[in-house]
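Engineer: build me a model from this:
(2 chains)
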Amino acid sequence: MGRYNLDAHRVQRHATSLLRTYGNQHSLPSPWFAAVSQNPPPQILTRPPLRRPQRAGKRPSQLFKPVKLSYEEDKLRWEYFNDHPWELARPRIVLEDDGRDVEKTPAMWDWIWQRQSARPLNGESVIQRQAWLLRNTPLTPAAAYDKARKELYRVRHAQETERRIAKEEAQATGAFFGKGPLEVGMHLENSAFEDWKAWAIKESMALKQMQSAAYTGNEVEEADAGPSEQNLQEELQVKEIADAVPGSKRGQEVKGGAAIHP
Amino acid sequence: MIIRTLPLRHGRLAVPKPITPSTLRTLATALDRPRFQPATASLDANGQSPSGGRTLEIRDPTDPVAQNFVFLQQQKALHKPIGSAVEPHYKPHDLIANPPSPKDITLELLMASQAHIGHATSRWNPSNAKYIFGVRGRDDPIHIISLDVTAAYLRRACKVVKGVTERGGLVLFVGTRGGQERIVVRAARLAGGCHLFSKWTPGSITNGQQILGACRKKVIDHNDIEVLGFGDQLERSAALKPDLVVCLNPLENYILLHECGLHNIPTIGIIDTDANPTWVTYPIPANDDSLRSVQVICGTLGRAGQEGQEIRRKSAAQGMWTSMQEHGLQPPTHGQAQREKEMREQEAMLAQQEYEEDARTVASEELEPVAKEDSLPYERDRPLSSEELAQASESARHLADWETAGVVEP
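Structural biologist: Coordinates of the predicted model:
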């Protein structure tokens, strides 16, 4: 064959022919010769058919391509996680110990509340529970889904209550916690707004200076000496709610990017 | 009048009683004697314990180290039942410290080690279609490798490694990806072979005389004891070529595998769904990206090598050769062997003398302090000024806020 280098596959054959051609009665094969002769390398580059005919008398399509694996639980997963997308956000540990978890689980699950040591309680448990109910009880698919998910709701409710009580107890005994996600979000928004305000002041000052420079007539002495940071800040503060950028009629004008921002 | 415990101040009860072992709550498993003394404390006439186990002699029981050890052993025995009972679980170091044996190859072990996870379907090599169980995933589908195929091919590779080491062959374990160093070294040690975890220098086999010409070579007999007298013969000979190469990442070691093919050396390799199975003699279809799966496979092969070595050593101890090797060396004359032995002894003596001299000079030298009294060895040890302190505390407070909020990772 042109493209394939099959030297690795033919080591034993090559060694045999070398011994036959160049060897004499005293020549010894390499230490690997006996082991490789007794354990011949496997067949390579064969493409057995991987699919079964779906209809009698009809050849399966894509006969030599690997099949797509599908399980009944996939449909249940699709339904459940579409209804409960945030269950996907819960972190899952996929690390296994010895791969024999099945031997440690009880054959009969009475309800999802049953604690199984070191097994996580999440959406996947609901799916497994639902599948078990469908296999072992006369419930309809919808009824099994309702039963399984409501069992998890009880568990989640209990967990959240526990967490809340624990937090209250801790606070009662003197613990304090850092900022929650909402507070952190507010903090970030505030600092972003302050940055924008400083930028906006600079921009307004620059604009007013440009405008005053463009004016070629006699300058009339005014009480206030042009735009100052103080006035601008006051103006901005007063107008914060009224003419805040999102609320204004014109909306936010695009001022550009990094080039303009100080 | 209220009589209190005045007498106790002056009586014999004023002195606190020493704590005797009986006053302490002891558990049945508590030991009163050092752990390393045998229970029966009876030795044979030859001074060996009757069970044949190893006994440690305490040279000086009053030594503080020995006493600490005894105390530690007693405390451990006392507190062992207290606390949680930790169930057996996966310990990553266990795969290296105690690799599984070919007998322990099960589908559950391979699945737990993520050996079935292949690459994205678009990256596959169709040559290894028959090792693939199926496709899994909707948006980014991947190939799943058949674990029964993996187990079968791995067992065959183990038999080959065992057969090679049984006959005194040299196995080279190669794993050049990061994190594979430890298992490669461990497997090589078990099989009595060689390891490589850095880049393979192209030409190490085809141009071995040049690249590996300076490597030390030695001749050992069937009992693995060095035989002297071959010095000048070995100088002229090229470096040894391995009899079998185990490669944990064939995709990155094509040159090595090509050289092995040129020199008719059989190879074993972990073939992922995107690798080429024709590059190696014995492919093992498995996940080569997971360190755990690589450790299981390499560890198993190392154990198989160890089994072969055991067989060889047992036969050698009985004076039986499992295999003869064509080495092309002439037996040395008695004079040559004697000369080499004397040279070695001389070198050893010289080295010992140098060592003793160094030790003497180090002991006798008065080392001057490098730093002066006023100067500090490191700039960071200088005491901070008040401004620097204030700055540091403020930034620390900000950082602490952010850390507790979970915005910045500590």
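Engineer: only C-alpha atoms for contact and neighbour calcs from this point on.
Structural biologist: Noted.
Engineer: B:Arg182 and B:Ile96 touch, don't they?
Structural biologist: Yes: assessed by C-alpha atoms under 8 Å, B:Arg182 is found in contact with B:Ile96 at 7.0 Å.
Engineer: of the two, who's got more company?
Structural biologist: Shown here are B:Arg182 and B:Ile96; by other C-alpha atoms under 10 Å in any protein chain shown, B:Ile96 has more neighbours (20 against 16).
Engineer: any bit of stretch A:22-38 sitting next to chain B?
Structural biologist: Yes: using C-alpha under 8 Å from any C-alpha of the partner chain, stretch A:22-38 reaches chain B at A:27-32, A:34-36.
Engineer: okay if I get those as a markdown table plus distance to B:Ile268, pLDDT and secondary structure?
Structural biologist: Below are these laid out as a markdown table (distance: C-alpha to C-alpha, whole Å; pLDDT from 0 to 100; DSSP: H, G, I helix; E, B strand; the rest coil):
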| residue | distance to B:Ile268 | pLDDT | secondary structure |
| --- | --- | --- | --- |
| A:Ser27 | 26 | 90 | coil |
| A:Leu28 | 23 | 92 | coil |
| A:Pro29 | 20 | 94 | coil |
| A:Ser30 | 17 | 95 | coil |
| A:Pro31 | 16 | 96 | coil |
| A:Trp32 | 12 | 97 | helix |
| A:Ala34 | 16 | 97 | helix |
| A:Ala35 | 13 | 98 | helix |
| A:Val36 | 11 | 98 | helix |
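Engineer: now the buried members of these.
Structural biologist: Listed as buried from these are A:29-32, A:34-36; burial here means 16 or more other C-alpha atoms under 10 Å in any protein chain shown.
Engineer: which of these sits closest to B:Gly178?
Structural biologist: Checking these against B:Gly178 with C-alpha to C-alpha, the nearest one is A:Trp32 at 29.4 Å.
Engineer: which residues touch the closest residue in space to that closest one that isn't next to it in sequence?
Structural biologist: Spatial nearest neighbour of A:Trp32, chain neighbours left out: B:Val164 (4.9 Å); criterion: C-alpha to C-alpha, 6 or more residues apart in numbering or on different chains. B:Val164 makes contact with A:31-32, A:34-35, B:170-171, B:243-244, B:305, B:308 under the criterion C-alpha atoms under 8 Å, 6 or more residues apart in numbering or on different chains.
Engineer: run the last query once more with 10 Å
Structural biologist: A:30-36, B:158, B:170-171, B:191, B:243-244, B:304-305, B:308-309 (C-alpha atoms under 10 Å, 6 or more residues apart in numbering or on different chains).
Engineer: ok, B:Thr267 next?
Structural biologist: Contacts for B:Thr267 (C-alpha under 10 Å, 6+ apart) come out as A:8-9, A:11, B:157, B:171-172, B:242-247, B:250, B:256-257, B:260-261, B:279-283.
Engineer: kindly recompute the last result at 8 Å.
Structural biologist: B:Thr267 sits next to A:8, B:244-247, B:257, B:260, B:280-282 when contact means C-alpha under 8 Å, 6+ apart.
Engineer: reformat these as JSON lines; add pLDDT, neighbour count and distance to B:Gln75.
Structural biologist: Shown next, in JSON lines, are those (pLDDT from 0 to 100; neighbours: other C-alpha atoms under 10 Å in any protein chain shown; distance: C-alpha to C-alpha, whole Å):
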{"residue": "A:Ala8", "pLDDT": "98", "neighbour count": "27", "distance to B:Gln75": "59"}
{"residue": "B:Leu244", "pLDDT": "98", "neighbour count": "24", "distance to B:Gln75": "50"}
{"residue": "B:Val245", "pLDDT": "98", "neighbour count": "26", "distance to B:Gln75": "49"}
{"residue": "B:Val246", "pLDDT": "98", "neighbour count": "27", "distance to B:Gln75": "46"}
{"residue": "B:Cys247", "pLDDT": "98", "neighbour count": "27", "distance to B:Gln75": "47"}
{"residue": "B:Leu257", "pLDDT": "98", "neighbour count": "26", "distance to B:Gln75": "55"}
{"residue": "B:Cys260", "pLDDT": "98", "neighbour count": "25", "distance to B:Gln75": "57"}
{"residue": "B:Val280", "pLDDT": "98", "neighbour count": "29", "distance to B:Gln75": "55"}
{"residue": "B:Thr281", "pLDDT": "98", "neighbour count": "28", "distance to B:Gln75": "55"}
{"residue": "B:Tyr282", "pLDDT": "98", "neighbour count": "29", "distance to B:Gln75": "52"}
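Engineer: now, which of those lie within helices?
Structural biologist: Using DSSP state H to define helices, the subset of the contacts of B:Thr267 located there is B:257, B:260.
Engineer: which ones among the contacts of B:Thr267 map onto strands?
Structural biologist: Counted as lying in strands by DSSP state E, out of the contacts of B:Thr267, are B:244-247, B:282.
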